[in-house]
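Engineer: Predicted coordinates and the sequence they were generated for:
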Amino acid sequence: MRALVQRVSKACVRLPGGESRSIGKGFLIYLGVGLADGEAQAQKLAEKIVNLRIFSNAEGKFDRSLLDEKGEALVISQFTLFADTKGGRRPAFTAAANPEIAKPLYEKFCGLISGLGVSVRAGEFGAHMEIESINDGPVTLWLDTDSL
């Protein structure tokens with residue numbers, strides 16, 4: 001699994017039907033599911049993300065986690081995190097899991113984050129969405145379960 005995690009002061013997703021889902025202080029998480037991913041990767045990534053110490057303490061040093069801050073998470077499915085751009089000019093997505101595999105793992109990941117004590121909002125899997133965010137810092141991290 002791959003995740004692009006942004007520390008935000010707020011973020012919002014607008015779904016195709018017009019519904020909006022938003023969070024305040026927390027993480028905007030773009031999540032990609034790969035061909036070899038399963039529940040073990042979802043668990044590992046969820047635990048890593050909620051415990052990342054990328055919020056500042058009183059001295060201004062990164063020392064506080066999403067759990068410490070009682071922050072929220074907005075999770076957006078993002079198969080394009082598995083883009084292969086080595087060939088021509090059009091990216092290939094053959095390393096991304098098919099929706100039949102990716103959707104349940106995306107939902108599992110959201111459930112795991114919630115189960116670890118974080119309020120979660122989610123986008124609509126496979127839908128075209130509009131996302132707005134205010135990146136706080138900016139702080140943006142790339143996580144890949146193959147490297148954790």
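Structural biologist: Nice, thanks for sending it over.
Engineer: Helices of this protein, start to end?
Structural biologist: For the chain, applying DSSP state H gives helices covering 39-51, 66-69, 99-115.
Engineer: distance of Asn5 from Val50?
Structural biologist: Actually, residue 5 is Val. It isn't Asn. To Val50, Val5 is 10 Å away according to CB to CB, to the nearest Å. The way it works is simple: take the backbone N, C-alpha and C, and place the C-beta from them, glycine included.
Engineer: Ok, Cys12 next?
Structural biologist: From Cys12 to Val50 the distance is 21 Å (CB to CB).
Engineer: Ok, Ile134 next?
Structural biologist: On the measure of CB to CB, Ile134 and Val50 end up 21 Å apart.
Engineer: swap in Pro99?
Structural biologist: According to CB to CB, Pro99 stands 26 Å off from Val50.
Engineer: neighbour-wise, which of Ile134 and Val50 wins?
Structural biologist: More neighbours surround Val50 than the other of Ile134 and Val50, with 21 against 13 (other CB atoms under 10 Å).
Engineer: List the residues that contact the more buried one.
Structural biologist: Val50 is in contact with 65-67, 73, 113, 116-118, counting by CB atoms under 8 Å, 6 or more residues apart in numbering.
Engineer: Just give me the closest of the residues you listed to Leu35.
Structural biologist: Taking CB to CB as the measure, Ile113 is the one of the contacts of Val50 closest to Leu35, at 22.4 Å.
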